Structure formats: C-alpha cells, structure tokens
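>>> Show me the folded form of this:
(2 chains)
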Amino acid sequence: MASRALSVWQNRQVVDLLVKRDLKVKYQKSILGYAWSLLDPLAQAAIYFFVFGILFNARVAPGGADAPGGYALFLLSGILPWMWMSTALNDASRALITHAKLITTMKVPREIFPLAVVQTKFIEYLLTWPVLLLFVVVLGGQTGWTLLWLPVAIGVQFVFTLGITLLLASLNVLLRDVQRIVRIMNRVLFYSSPIIYPIHQVMGAESLPGWFKTVYEMNPLVGIFQMHHAVWYPTEAPSSLMLWSTVAGAVAMFAVGYWTFRRLETAVLKEL
Amino acid sequence: MAEPVIEAKGLGVKFAMNRRRKLTLREMFIHGKKRDPNKGSTDFWPVRDVSFEIARGECVGIVGKNGTGKSTLLKLIAGVLIPDEGTVTVRGKVAPLLELRAGFSDDLTGRENVHLVGSLHGMTPKMLEEKFDEIVDFAELREGYIDKPVRHYSSGMKVRLGFALISQLEHPIMLVDEVLAVGDKAFRRKCYDAIEKMLANNRTMVLVSHNEGDLKRFCNRGFYVKDGTLAMDTDIKAALDAYNADTKAEIEAREAKAKKKAEDDGKVA
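Okay, the predicted model is just below:
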C-alpha cells in the first residue's frame, strides 16, 4: 500500500496533466465554458428557493428566515459542494473505461485515473467560490472562526469521494449496470443529506422513529454537509460525535474503495 | 553474467471463456475465489508456464501464429496485465511500443498530446522541451498541424507522431509489437534506423512480428510461441525455421483435407 501511494505520488504530474486536459476539453468546446459549471448549481438553487422558500413559505434556514444569508445562502452553501460530489460520482464509473487505451498500453498506477476525476471536479468546485462569495456579500452572510470548518469539510469530502470513485470505477468495468445505479444513488444521497433542508427538520420530526434518525446520522455525507453549512450558520456545527463518525465513515469508505480497486485490478485489466 | 533485465518464471494468465455471468457483488466480496459460479466454464490460458531470462543488450524476436499469445506475453512484460500464475520481474524502465496511437486524445492538439503522453511515459517537462522539435521533425507533420487537434490527423500521422514520441524515450527496455508494419516505405526506413540506433546503446528489445526481414535484421535470439507456451528458445533463425516448418505442415494438411473433401464430393456426385 505504501509503495503504491508512493508511485501515485511520483505520478502526480500525470494527474495534473489529466486534470488540465479534462478542464481544457470541457471549456474549449463550449462558448459559455466556465458559465456552464455555474449555471447548473445556480438553476438548482433557484428552483429549490422558489419551491421551498417561496411556495411553501418554509422558514427553513437555521435561525429562521432572518438569519444572515437566509435560505438562499443555505441552499448555495450545500449545493455547490454537492455538485463536486455528484459530478465526480457520474464520471467515476467511466474513469477507467474512457482511458482503456492508455491503461492497456502503458504502465502507470491505475489509481491515478479515479484520482484525476475527483481532482478535476474539486477544481471546478473551487471555481464556483467567487460566485458563492458574491452571494455572501449580497445576502449579508456572516462567518468568522467557523470558516475553519471549510478545510475540514473539504478534506473529509475528498477522502470519501475518492473512496467511492475507486469503488465505482473498478466495479463498472466488470458490471456495466453500475452506471445506472449511480444515477439513482445520486438522487437518494442528495435528499438523504442535509443539503437543501437543515438537519433539525429530520432530527426534530416526531413522525420519524428513533432508529431511522440514528441510521440517518450515520451517513458520512450528513456530517460533511453540516460542516459546509456551519461555515455560515454556526448552529449547524456538528457535535464531536458526529464529526468523528463522519471522519471514520470517510476513511472506511476509502478503505473499502481502495481494497476493491486492488482486488479487481487483475480482472479489470483483462476486461479492458 | 549480470542479472537478467527481464525474468519470467512460470508465467501464466487466464481468461474466462463462455462465462455465463459475472460474479455478483456478494460472491465477489464474501466468498472470494472459493465459490465461483463460473466453475463450469472453461478457462482459457493464452499464456501458460512460460519461463525465460533476457539479459541486457539482447534483442529477442517472438514468432508464432496469430492468437497464440504473443501480444499477451508482451503485455505481461509491460506490466499492463497482471499474471495469474508465476512472476515477471523487469529491472529498468520499459518503453512500450504496443499501440502507437494509444493515449492521444482527439480533442487536444498534437503538442498537448505529446506532452501528456510523454509525461505518462515518464518524460520530464525539461526532456520534452528539449526533444520536442526533434519529435515533430521525425513525425513529418505538415506545417502547422502540430497545433491542430489530433482529431484532424490522418491515421498515418497519428502513428508517426506516436512513434516519434516513443522512440525518444531513453528507457533501457523496449517492447515492440508489430508497429513496424505501419507507415509508408520511407517512414518505415526511418523507424528501422531509429530502432537500430536505440539498439546500439546496449538496450534490450523484445519484438513481436510476422516480418522475417525485421526479425532477422534486429534479433539475435528467437522465441517460438505455440499455443501459449514457449516451444523454442533459440537463435532467431532456428525459431523462424521451426515456425515456417510448422506453418508449411499445416498448410499441407489443410490442402490435403480440401483435396480429400473434393474427392469425396466428386464421389457423391
């Protein structure tokens, strides 16, 4: 494992090149380029704001509608990192297949292809930050020491996403149905994490049984998105129990993903 | 003698044929190899029980019929397939000329592709910078084409650019898979010269080819691969002779069969 990590590190330049290539290809071909990667999350945020914020008139932002930033900022601070996760998941299943030619002709650590996917999407996420900051200024969002949640959230999310990507990339070569499952999984994960609603709506709901809430909290994504929200809404900061279970969940996901990847490698190479 | 640069011990790789279905997730994770649902299916070993040692500076030609595992063997040495049996140890970096167009993304320009694929093969940016003009020159691209997307290249251009790039690698081991068969006559000549130059540096080469001329020209040792096993490990001439003898016998057998069939048909009529 250590030697593999080392050889991935030695090939970090290649990862950078793959990332650059993907970004270049994506932005070169369309006129709007960069704007596209913003339009999608913004449109989503606008829709949810319209439906939940206006039609249902739900005072769903933590601290009520008068909290600095309001529901709009709450939505954005959840949806932007979610886009990173969800686009990575979408590309994950194709990470190895699209590079079949490269993989079957030269010896590079195969891990770099899933890694490049996660990194590409991460950079796209970083590129959405100027827009988020614009909204923060306009909506009057406030932060402070809570900004420290951000690097933690990003770090944990990176590990978690990489784990899933490794798992899906290798599985999909052998079982092509994975691609379809991912689409469903994407939607389920979206609604089962506190992205567009604050967590207290689940935890405070009387109609939900206690075991459901426990299961709900075990999803590492819950902790990750709580941290993303906590940057702007201090009340959302995860408890230390949730924080550690999230970190543990992400590390476990990575371990499972990596183990599967290594285990399937022999078969994957034959199949490609 | 010094340590062999390529060393294979009991090398084998298997592909499953006539598989009904792939493993389910549960079987894959819980039972491992013990309860394989494909037990009834036949395993096919394109390469099995192959052992050899290749010393520095040797040039080995691999001959054999189509589908007997020559290319698979090369892939195992290159490390792009993981063996199911045995081991292969390669001491030193490998320049694989397995498929030359490989790795070029259609949407990127020739220049960007050279940088991407070059780095994948372990070239440093500095090396690429230095060799870049030489590569473009060798590839004989038309004026300005290097900055056009590879999508617009002809297949010949892609291959030329690929060969130009890989022939610049300074790795001590080269694996070549019939790539010499591409390109027009003038370009082939150039490839030969480039390969000859590379061999002069005491580098090791493994060549898979059907072209006797190529093999005799470069190789001093020959492997005759038959049904996935190493039937002969001698000098190139003996290997070629054995291969030709087998081919001849086979053709004769086929002709005899055809003749017999014709006679039988004649009788019926």
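
>>> which SSE is the spatially most central residue of chain A in?
Taking Cα atoms, centre = their mean, the centroid of chain A lies closest to A:Met85, which sits 2.1 Å from it. With elements taken from DSSP states H and E, the one containing A:Met85 is helix A:70-92.

>>> Which other helices and strands does that helix contact?
Packing partners of helix A:70-92 (3 or more Cβ pairs under 8 Å, 6 or more residues apart in numbering or on different chains; DSSP states H and E): helix A:34-48, helix A:112-127, helix A:129-139, helix A:149-174, helix A:178-191, helix A:220-230. For glycine as for every other residue, the C-beta is placed from the backbone atoms N, C-alpha and C.

>>> do the next helix or strand after that helix and chain B meet?
As assigned by DSSP H and E, the chain's next helix or strand after helix A:70-92 is helix A:100-105. Yes: using Cβ under 8 Å from any Cβ of the partner chain, we find that helix A:100-105 touches chain B at A:Lys101, A:Leu102, A:Ile103, A:Thr104, A:Thr105.

>>> want to try CSV for those, with pLDDT as columns?
Converted to CSV, the residues of helix A:100-105 next to chain B look like this (pLDDT from 0 to 100):
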residue, pLDDT
A:Lys101, 77
A:Leu102, 79
A:Ile103, 82
A:Thr104, 79
A:Thr105, 77
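
>>> who in the stretch 1-150 of chain A is up against chain B?
Checking the stretch 1-150 of chain A against chain B by Cβ under 8 Å from any Cβ, the hits are A:13-14, A:17-18, A:21, A:24-25, A:28-29, A:101-108.

>>> Emit the PyMOL select command for whichever of those residues are buried.
Here is the PyMOL selection string for the buried members of these, based on 16 or more other Cβ atoms under 10 Å in any protein chain shown:
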select buried, chain A and resi 14+17+18+21+102+103+104+105+106+107+108
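
>>> for the chain, which spans come out with low pLDDT?
No chain specified, so I'll use chain A. Scanning chain A for pLDDT under 70 picks out the ranges A:1, A:29-31, A:58-61, A:63-66.

>>> Chain B, not that one
Across chain B, residues meeting the criterion (pLDDT under 70) sit at B:1-2, B:16-42, B:100-102, B:179-183, B:268-269.

>>> Okay, strands next: where are they in it?
According to DSSP state E, chain B carries its strands in the segments B:6-16, B:43-54, B:59-63, B:85-90, B:94-97, B:173-177, B:204-208, B:221-226, B:229-234.

>>> Export those to a markdown table and append columns for mean neighbour count and distance to chain A.
As requested, those are exported to a markdown table (neighbours: other Cβ atoms under 10 Å in any protein chain shown; distance: least, Cβ to the nearest Cβ, whole Å):
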| stretch | mean neighbour count | distance to chain A |
| --- | --- | --- |
| strand B:6-16 | 19 | 6 |
| strand B:43-54 | 18 | 10 |
| strand B:59-63 | 25 | 17 |
| strand B:85-90 | 16 | 9 |
| strand B:94-97 | 24 | 6 |
| strand B:173-177 | 22 | 9 |
| strand B:204-208 | 24 | 14 |
| strand B:221-226 | 22 | 19 |
| strand B:229-234 | 17 | 19 |
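
>>> Can I get the ones you listed in a markdown table including distance to A:Met242?
Formatted as a markdown table, the strands of chain B follow (distance: least, Cβ to Cβ, whole Å):
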| stretch | distance to A:Met242 |
| --- | --- |
| strand B:6-16 | 45 |
| strand B:43-54 | 49 |
| strand B:59-63 | 60 |
| strand B:85-90 | 47 |
| strand B:94-97 | 49 |
| strand B:173-177 | 53 |
| strand B:204-208 | 57 |
| strand B:221-226 | 60 |
| strand B:229-234 | 60 |
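
>>> show me what contacts the residue with the shortest distance to the centre of chain B?
Centroid-nearest residue in chain B: B:Asp177, 3.2 Å away (criterion: Cα atoms, centre = their mean). Listed by Cβ atoms under 8 Å, 6 or more residues apart in numbering or on different chains, the contact set of B:Asp177 reads B:Ser71, B:Leu74, B:Leu97, B:Leu98, B:Glu99, B:Val208.
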